[in-house]
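Trainee: Provided below are the primary sequence and the corresponding predicted coordinates.
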Amino acid sequence: MEYEIRRIQVWSVVKIVFIIFFIVGAVVGIFYAMMTAVVSNLFMEMSGDELEYGQRVVGLFSPFFMILFFAIFSATVNTVLSAFIVLFYNVFAQLAGGLRVNLSVPGELDGADHA
């Protein structure tokens, strides 16, 4: 059976992309927060007591905000990009035709005689 994808629903793509890239952004934010914590501790050890109080106050809340920022930024940017791509595909598919997909059930003949 041959089918043609003429239109993709934008909302279904947007909600899946947002969830996936929110999780991916959170994971990237966790790794980035861990790396900055290591670098920050390295600088604190090298500077002695001169920057200790200022680094401690900033270092307490910055990992949480960094994870939140990466998650929201990644989800928002990728959601907007995917929405534009889907809208572009829908317009292009109306003008030139959509993707054609040939689907068949395993074990079933596709209309030709296979002897």
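Mentor: Noted; the coordinates are in hand. Numbering: from 1, shown residues only.
Trainee: which residue ranges form the strands in this structure?
Mentor: With DSSP state E as the criterion, the chain has strands at 2-5, 99-102.
Trainee: Let me have these in a markdown table, adding distance to Phe84 as columns.
Mentor: In short, each C-beta sits where N, CA and C put it, glycine included. Converted to a markdown table, the strands of the chain look like this (distance: least, C-beta to C-beta, whole Å):
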| stretch | distance to Phe84 |
| --- | --- |
| strand 2-5 | 18 |
| strand 99-102 | 18 |
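Trainee: Tabulate those (TSV), appending mean neighbour count and mean pLDDT.
Mentor: Output for those, formatted as TSV (neighbours: other C-beta atoms under 10 Å; pLDDT from 0 to 100):
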stretch	mean neighbour count	mean pLDDT
strand 2-5	10	86
strand 99-102	10	88
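Trainee: Distance of Phe22 relative to Phe69?
Mentor: 12 Å (C-beta to C-beta, to the nearest Å).
Trainee: Can you check which of the strands of the chain gets nearest to Phe65?
Mentor: strand 2-5 (40.9 Å; C-beta to C-beta).
Trainee: since we're on the closest residue to Leu68 other than its chain neighbours, how many residues are nearby?
Mentor: Excluding the flanking residues, the one nearest Leu68 by C-beta to C-beta, 6 or more residues apart in numbering is Gly29, at 7.2 Å. By the measure other C-beta atoms under 10 Å, the count of residues near Gly29 is 22.
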